[in-house]
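Chemist: Here is the input, now give the coordinates:
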Amino acid sequence: MSKREERVHSPECRVEAAKRILAGESVTKLYRELGIKRSVLYRWRDTYRKEGEEGLRRPKGRPPGTPNPKPTGLSEAEQLRQQVAQLERKVGQQEVMLDFFKRAFKRVKESNQNAGGAGTTASGRRSEP
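Modeler: Residues are numbered from 1 along each chain as shown. Model prediction:
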């Protein structure tokens, strides 16, 4: 069985597993017996607690009759304009940050040059000849 292939368990199997867990059976024991991941067994148990058997009998996916999400209503050109505007804002923010770091680096460099005259060490003490 490939990773993408999913095993389909009957609703009866899911309900029975959930009932067995709630009756006190070990999830690890069921995992070994049925070959179903523990996380899936816990999910079935929780669904059974919240929604009863009906929750486990419901098919996967979007309920029938539920429409697909509506598109944003923007044309492709407008979406691209918004994306460009967003990227331009980001570039502007990065320019501000670069400017800040350039000024900070310049100040640190000037500070080091002013503090480090001839005959001084890194600690600022004069070295003895």
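
Chemist: what does stretch 34-44 contact?
Modeler: Arg7, His9, Cys13, Arg14, Ala17, Ala18, Ile21, Val27, Thr28, Leu30, Tyr31, Leu56 (C-beta atoms under 8 Å, 6 or more residues apart in numbering). All C-beta atoms are positioned from the backbone trio N, CA, C, and that covers glycine.

Chemist: In helices, which of these fall?
Modeler: Residues from the contacts of stretch 34-44 lying in helices, with DSSP state H as the criterion: Cys13, Arg14, Ala17, Ala18, Ile21, Val27, Thr28, Leu30, Tyr31, Leu56.

Chemist: Please check the contacts of stretch 34-44 and keep the buried ones.
Modeler: His9, Arg14, Ala17, Ala18, Ile21, Val27, Leu30, Tyr31, Leu56 (16 or more other C-beta atoms under 10 Å).

Chemist: Just list the residues touching the residue nearest to the fourth one when sequence neighbours are not counted, thanks.
Modeler: Ranked by C-beta to C-beta, 6 or more residues apart in numbering and with sequence neighbours excluded, the top spatial neighbour of Ala18 is Tyr48, at 3.6 Å. Shown in contact with Tyr48 (C-beta under 8 Å, 6+ apart): Arg14, Val15, Ala18, Lys19, Leu22, Gly55, Leu56.
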